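Participant: model this:
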Amino acid sequence: MTSPRASRAEATRALILDAAERLFAERGVLAVSNRQIGEAAGQGNTAVVGYHFGAKEDLVRAVVRRHTSRIEGLRAEALAATEGSSEVRAWVGCLVRPLTGHLDAVGPPTWFARFHAQLTTEPAYREIVTQESLGSPALLATVDGLNRCLPDLPAAVRLERGDMTRLLMVHVCAERERALAEGTPTPRTTWDATATGLVDAIVGLWLAPAAPTPTRGDRA
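Facilitator: Here you go, the predicted structure:
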């Protein structure tokens, strides 16, 4: 049985995570102090954030993990339904739909997509997202499945298109999340429809022909 003190501590941690995610999403990670997060979380103690989470990097990692654990659960379910497929669209769906499905389930409002987009502009914090993602068996299996559908694509092109895919997913979702928060029109009416548009675009990206890479002599 959880003690009252432990329950209060857990509730405080949740308030801090909520406040940090929102402020990081709206202002950027570097622009927000622990004091501001504590105040937004309704905590009078200015040291409360450091007490519960330590350094800002640890707080960022905690926010990331709160979402990635749920997203990867959805991805594991999608992976089970896709295993053995030779269709690029099926594997791209495994990449995209767990993220959009999670955002649909937790909001509105949501801040995670904008928070994630903010992290992509800060190398130190971007590495945290990368580390957390690379530890996901479901994500790694999905990438392997996609690669098996495209055996002739050069390794350098795979890496490049993987980066493009990640940026499309992050920023399209962040832009929709921002529009929903501001009450402005969105290109698609639902998160599911947004996922369909993303899948269409990303499938086209992966199936596009790759031009020959110029040699050093050609570039000269």
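Participant: which stretches of the chain form helices?
Facilitator: In order along the chain, the chain carries the following helices (DSSP state H): 4-27, 34-40, 48-53, 56-82, 88-106, 112-119, 123-134, 137-148, 155-182, 191-207, 216-219.
Participant: tell me which other helices or strands the third one touches.
Facilitator: Put plainly, it is helix 48-53. Helices and strands touching helix 48-53, as assessed by 3 or more C-beta pairs under 8 Å, 6 or more residues apart in numbering; DSSP states H and E, comprise helix 4-27, helix 34-40, helix 56-82. All C-beta spots, glycine's among them, are computed from the backbone N, C-alpha and C.
Participant: ok so, going back, among the helices of the chain, which is the most enclosed?
Facilitator: Mean neighbour count, computed with mean count of other C-beta atoms under 10 Å, is highest for helix 112-119 among those, reaching a mean of 24.
Participant: packing partners of that one?
Facilitator: Based on contacts counted as 3+ C-beta pairs under 8 Å, 6+ apart, the elements that helix 112-119 packs against are helix 4-27, helix 56-82, helix 88-106, helix 123-134, helix 155-182.
Participant: repeat that for 7 Å
Facilitator: helix 4-27, helix 123-134, helix 155-182 (3 or more C-beta pairs under 7 Å, 6 or more residues apart in numbering; DSSP states H and E).
Participant: now do the shortest one: distance to the chain's middle.
Facilitator: Average the C-alpha atoms of helix 123-134, do the same for its chain, and the two points are 10 Å apart (C-alpha atoms, centre = their mean, to the nearest Å).
Participant: identify the residues contacting it?
Facilitator: Val29, Glu57, Val60, Arg61, Val64, Arg65, Thr68, His116, Leu119, Thr120, Leu139 (C-beta atoms under 7 Å, 6 or more residues apart in numbering).
Participant: what angle separates it from helix 4-27?
Facilitator: Helix 123-134 and helix 4-27 are oriented at 120 degrees to each other (axes from the mean of the first three to the mean of the last three C-alpha atoms, to 10 degrees).
Participant: now the angle between helix 112-119 and helix 123-134, please.
Facilitator: Per the same axes, to 10 degrees, the angle that helix 123-134 makes with helix 112-119 is 130 degrees.
Participant: now do helix 123-134 against helix 56-82, angle only.
Facilitator: Between the axes of helix 123-134 and helix 56-82, defined by the same axes, to 10 degrees, the angle is 30 degrees.
Participant: helix 123-134 - what's its average pLDDT?
Facilitator: Taken as a whole, helix 123-134 carries a mean pLDDT of 84.
Participant: can we start the residue count at 30 from this point?
Facilitator: Done: numbering now begins at 30, and the last item shifts to helix 152-163.
Participant: now do that helix against helix 166-177, angle only.
Facilitator: Computed by the same axes, to 10 degrees, the angle between helix 152-163 and helix 166-177 is 80 degrees.
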